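> the sequence isn't on hand, but the structure is:
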């Protein structure tokens with residue numbers, strides 16, 4: 001759940017194990033969150049190295065070795081911020097609104113397209129193509145967007161295209177700025 005941890009409500013009882021690199025919505029790079037049913041830890045192979053056994057970390061209350069204290073402190077601050085924002089339910093509503101705004105702008109355009117089925121779209125990472133995947137236009141878009149202060153829009157290195165990450169800390173105003181940029185880029189290059 002690395003990309004969407006604490007971006008939406010999740011019934012953790014449905015899972016035996018949740019593993020999340022929390023650097024996107026919960027804390028700095030290097031922080032990992034594990035939610036595990038105790039009985040799964042107890043059933044695990046006892047021949048694994050001690051460090052790799054979840055039962056070790058449960059027994060030692062996550063203090064088997066020195067935890068990354070500064071990173072854990074930052075997670076605490078982010079948790080306080082989420083609570084101050086109204087909790088996960090409020091964050092989920094905000095994330096839904098941000099994603100809807102951007103997807104609606106993409107879907108309403110004949111210039112942009114989203115290669116992901118609507119039922120499978122991520123609220124955290126919105127991928128899109130320009131003019132059916134014209135690489136030169138997508139590179140121009142990314143460069144002009146960066147010049148306008150909209151950074152990190154290049155797509156995945158093996159897939160290409162463009163990607164807007166809408167993690168919890170991204171504001172609705174930032175998405176509105178991106179949508180305005182999309183419309184202007186289409187007007188001038190479409």
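Cool, got the structure. The structure displayed is predicted, hence computed values, not measured ones.

> which SS state does the residue sitting furthest away from the middle of the chain fall under?
Relative to the mean C-alpha coordinate of the chain, counting by Cα atoms, centre = their mean, the farthest residue is residue 47 (34.9 Å). Counting by DSSP: H, G, I helix; E, B strand; the rest coil, the backbone at residue 47 sits in coil.

> where exactly do the strands run in the protein?
With DSSP state E as the criterion, the chain has strands at 17-21, 32-36, 112-113, 125-130, 154-156, 160-165.

> about what we covered before: confidence score at the residue farthest from the centre of the chain?
On pLDDT, residue 47 comes in at 92.

> list the contacts of it.
By Cβ atoms under 8 Å, 6 or more residues apart in numbering, the contact list for residue 47 is empty. All C-beta atoms are positioned from the backbone trio N, CA, C, and that covers glycine.

> residue 151 versus that one, what's the distance?
Counting by Cβ to Cβ, to the nearest Å, the separation of residue 47 from residue 151 is 47 Å.

> re the thing from before, which of the strands of the chain sits closest to residue 77?
Closest approach to residue 77 among the strands of the chain (Cβ to Cβ): strand 32-36, 15.1 Å.

> other SSEs contacting that closest one?
strand 17-21, helix 54-59 (3 or more Cβ pairs under 8 Å, 6 or more residues apart in numbering; DSSP states H and E).

> of all the ones you listed, which lies closest to residue 97?
strand 17-21 (23.1 Å).

> list the buried residues for the closest one?
Neighbour-count burial for strand 17-21, counted by 16 or more other Cβ atoms under 10 Å, picks out 20, 21.
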